[in-house]
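K.L.:
build me a structure from this.
(one chain, ligands or ions: 1)
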Amino acid sequence: MSVDLAVVPVAGRGTRLLPLTKSQPKEMLPMGRKPVVQYVVEELARCGIGRLLFVTGPGKTAIENHFDIDAELIDSLRATGKEELLTELAFEREDIEYFYTRQRRQLGLGHAVLCARPVVGSQSFVVALGDSIIGMHAQSEVVATMIEKFESSRCAAIIAFEEVPREEVVHYGIAQPRGQIDDVFELDDLIEKPTVDEAPSNLAVAARYVFSPAIFDCLEKTPRGKGNEIQLTDAVRMLIREGRQVLGVRLMPHEQRFDIGNFESYFLAFAEFAMADEQYGPSLQRRMGELLERYQR
Ligand code: UTP
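P.N.:
Residues are numbered from 1 along each chain as shown. Next comes the predicted model:
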């Protein structure tokens, strides 16, 4: 059976966005008209994911509530003659079964993925970070492409990469490709936050992965690394060192990654999504033009 299970870690504390994230999940922050994590789920549904496991943590119940069917709200919209708003709730009917597990201690992304092990067992699965949108309005098919490549190869993992400007490699896990870099390439290593001079490429890990269950054994053996957390990158490096094939897939130019993990990237992403809004985008663009003139004076 084709890979149809995705693990979406949403348990991080989002400390870089405090105080915004003190009592609301960063994955529920607005991005234009929708919360960030709704784009992630809609992208996965389009790519054939039928089962979705959220790894949640303290203060994240808003995510569970968001994906529930709210019969009371639907009745009230009907009773008050606001039927036209029902289309805004269509995402509730997405053909996906939701599952939830908890990361009881925030020990990093690798640990969050390991928390999925009792549910995932011996299946291959997708990991999609709940705080990253791929493509304007999440119009990306990269996960479907990755699943296809994963199934037609014998690899243990396949990871999405985005080309970033050379000076930005210091913020990301960077690919060290083996051989030529095509749309799909083999990984020799992954270097976490290298200096500009050390960086073996400008291809940065981009929030989407497909894993065989072999990743769990590596995560079990991965010691705490940077920030005293269990890093997913370290477990992927272990897979490569054990001689397993790990592939990379390059995001297409229209599949830009919108990461909302810090204020700069969140503000930029929000501005772009709002300016692309069908209804209010054009007036916002005009207003932004006026504001730019004022701020540049
Ligand atoms: P980040 O690496 O941005 O970490 O998470 P964070 O803890 O949320 O944020 P900061 O660094 O404190 O600001 C990337 C994704 O992995 C999840 C997050 O919820 C986010 O979707 N994550 C991270 C977990 O599920 N558990 C963790 O322990 C860490």
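K.L.:
low-confidence stretches in the protein?
P.N.:
1 (pLDDT under 70).
K.L.:
any idea how far the residue nearest to residue 183 when sequence neighbours are not counted lies from the ligand?
P.N.:
Leaving aside its chain neighbours, residue 183 sits nearest to residue 250 (5.3 Å; criterion: CB to CB, 6 or more residues apart in numbering). The way it works is simple: take the backbone N, C-alpha and C, and place the C-beta from them, glycine included. Using CB to the nearest ligand atom, to the nearest Å, residue 250 is found at 21 Å from the ligand.
K.L.:
so residue 250 sits right up against residue 201, yeah?
P.N.:
No: using CB atoms under 8 Å as the test, residue 250 is too far from residue 201 to be in contact (10.5 Å).
K.L.:
overlap of the contact sets of the two?
P.N.:
Listed as contacting both residue 250 and residue 201 by CB atoms under 8 Å, 6 or more residues apart in numbering are residue 181.
K.L.:
residues contacting the residue nearest to residue 183?
P.N.:
Contacts for residue 250 (CB under 8 Å, 6+ apart) come out as 160-163, 181, 183-185, 203.
K.L.:
okay, and the beta partners of it?
P.N.:
Beta bridges link residue 250 to residue 161 when assigned by DSSP bridges.
K.L.:
hmm, who's touching stretch 180-196?
P.N.:
The contact list for stretch 180-196 (CB under 8 Å, 6+ apart) reads 149, 159, 166-167, 169-179, 198-201, 203, 205, 226, 231, 233-234, 236-237, 240, 245-250.
K.L.:
before we move on, what about stretch 105-117?
P.N.:
Stretch 105-117 is contacted by residues 7, 9, 11-13, 53, 55, 57, 101-104, 125, 127, 129, 211, 215-216, 219-220, 222, 224, 227-235 when judged by CB under 8 Å, 6+ apart.
K.L.:
check the residues you listed one by one and keep those near the ligand.
P.N.:
9, 11-13, 55, 103, 129 (CB under 6 Å from any ligand atom).
K.L.:
which of those count as buried?
P.N.:
Buried residues within those, counting neighbours by 16 or more other CB atoms under 10 Å: 9, 11-12, 55, 103, 129.
K.L.:
most widely separated two among those residues?
P.N.:
By the measure CB to CB, 103 and 129 form the most distant pair in these, at 13.6 Å.
K.L.:
next, show the common contact partners of the two.
P.N.:
Common contacts of residue 103 and residue 129 (CB under 8 Å, 6+ apart): residue 9.
K.L.:
if we can go back for a sec, can you redo the buried ones among the ones next to the ligand among the contacts of stretch 105-117 as TSV with distance to residue 275?
P.N.:
Formatted as TSV, these follow (distance: CB to CB, whole Å):
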residue	distance to residue 275
9	29
11	31
12	28
55	33
103	35
129	24
